[in-house]
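> Okay, sequence plus prediction incoming.
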Amino acid sequence: MRDNKTSQPAHEYNSSIRKTMPFYDYFHDSAIGLLEVINPRPDTWLDTGSGTGTFIEKAASAFPGTFFTVADPSAAMLDIAKEKLPGIARCEFLLAGSEMLECADSSFDVITAFLSHHYFDAETRRKATANCFRMLKKGGVYISFETLLPNTEKGRQFGLECWRRAQLRLGKNEGSIDKYLGRYGVEFFPITLTAHFELLRDSGFSVAELLWFSGMQAGFYAIK
């Protein structure tokens with residue numbers, strides 16, 4: 001039985017994610033770099049869909065005075081994060097996805113969501129984004145990285161083939177690639193760039209910008 005929403009069990013996630021997402025580490029680095037400009041000393045930070053805690057391990061080094069709330073709907077993922085983070089970061093752990101979190105209004109200076117909201121259907125994604133907006137302080141920063149839906153079917157085909165070849169170059173075997181890309185539009189549900197911006201604006205954010213884009217993934221930031 002699968003113990004999380006990704007295509008591999010939790011104990012294999014760290015060894016396989018960089019073969020799946022060619023720019024995985026850049027997601028982290030660009031988010032940290034942005035926050036060093038916008039808010040270099042956040043007091044509180046929620047990372048939702050945190051997985052095994054790899055990003056928060058990096059963020060805690062860059063922001064040593066911050067208190068982190070580490071949330072994920074997978075108990076197996078959180079168990080790994082709990083082993084990794086104590087002693088590195090001041091943190092608490094919550095077993096929930098961002099659509100279900102019940103933290104108080106205006107709790108966080110920063111909320112990050114990496115490769116987590118694309119598992120939601122349209123209504124749940126709307127609910128999750130609105131909940132992140134609710135939990136942010138005024139002026140707080142929301143950063144998300146997600147897989148995209150191209151505007152045309154041809155674009156989708158070309159994008160998936162480029163992604164396939166990138167995974168092959170990174171050492172992933174063809175069976176694993178087929179398993180992962182076969183989930184596109186079936187187990188995770190990308191939306192277009194335009195739809196991302198509409199969702200952020202409709203949720204109430206005063207600023208919504210593109211942070212990074214390459215191939216089938218993009219990063220966004222928004223300010224409450």
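Nice, thanks for sending it over.
> CA atoms for contacts and neighbours, from now on please.
OK.
> ok, and for the longest helix anywhere in the chain, which residues are buried?
As assigned by DSSP state H, the longest helix anywhere in the chain is helix 153-169. Neighbour-count burial for helix 153-169 flags 159-160, 163-164, 166-168 (criterion: 16 or more other CA atoms under 10 Å).
> Then stretch 57-70?
In stretch 57-70, counting by 16+ other CA under 10 Å, buried: 57, 59-60, 62-63, 66-70.
> And the helices in this protein?
Going by DSSP H, the chain shows helices at 10-20, 24-38, 54-62, 75-84, 122-135, 153-169, 174-181, 193-203.
> could you dump those helices to TSV with mean pLDDT and distance to F108?
What follows is the helices of the chain, written out as TSV (pLDDT from 0 to 100; distance: least, CA to CA, whole Å):
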stretch	mean pLDDT	distance to F108
helix 10-20	77	27
helix 24-38	96	13
helix 54-62	95	15
helix 75-84	91	20
helix 122-135	97	6
helix 153-169	97	34
helix 174-181	94	33
helix 193-203	98	17
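> nearest spatial neighbour of A222, skipping sequence neighbours?
With CA to CA, 6 or more residues apart in numbering as the criterion, A222 has its nearest non-adjacent residue at 4.3 Å, and that residue is A208.
> do C162 as well
Closest residue in space to C162, ignoring its immediate chain neighbours: G215 at 7.7 Å, by CA to CA, 6+ apart.
> Double-check the one you found against E161; I have them as touching.
No - using CA atoms under 8 Å, G215 makes no contact with E161, being 10.4 Å away.
> What number of residues are in the vicinity of the closest residue in space to R134 that isn't next to it in sequence?
Sequence neighbours aside, D105 is the residue nearest to R134 in space, at 5.5 Å (criterion: CA to CA, 6+ apart). D105 is flanked by 13 other residues according to other CA atoms under 10 Å.
> ok, now Y13?
By other CA under 10 Å, neighbour count at Y13 equals 16.
> How about the contacts made by it?
T52 (CA atoms under 8 Å, 6 or more residues apart in numbering).
> biggest strand in the chain by residues?
The longest strand of the chain (DSSP state E) is strand 136-147.
> Not counting sequence-adjacent ones, nearest residue to C91?
Using CA to CA, 6+ apart, the nearest residue to C91 is F68, at 4.5 Å.
> pretty sure that neighbour is touching I88, no?
No - applying CA under 8 Å, one finds F68 not in contact with I88, separated by 10.8 Å.
> which residue is nearest the centroid of this protein?
By CA atoms, centre = their mean, the chain has its centre lying nearest to F114, at 0.8 Å.
> Quick check: chain neighbours aside, which residue is closest to that one?
Nearest one to F114, counting by CA to CA, 6+ apart, is F145 at 4.8 Å.
> same question, I80
Excluding its sequence neighbours, the residue lying closest to I80 (CA to CA, 6+ apart) is T52, at 5.3 Å.
> now L193: how far from A218?
According to CA to CA, to the nearest Å, L193 stands 8 Å off from A218.
> Show me whatever sits in contact with both of these two.
L148.
> what sits against S144?
Contact partners of S144, counting by CA under 8 Å, 6+ apart, are 112-115, 219-221.
> how about CSV for those residues, with distance to T152 and pLDDT added?
As requested, these are exported to CSV (distance: CA to CA, whole Å; pLDDT from 0 to 100):
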residue, distance to T152, pLDDT
T112, 29, 98
A113, 26, 98
F114, 24, 96
L115, 22, 93
G219, 20, 98
F220, 21, 98
Y221, 25, 98
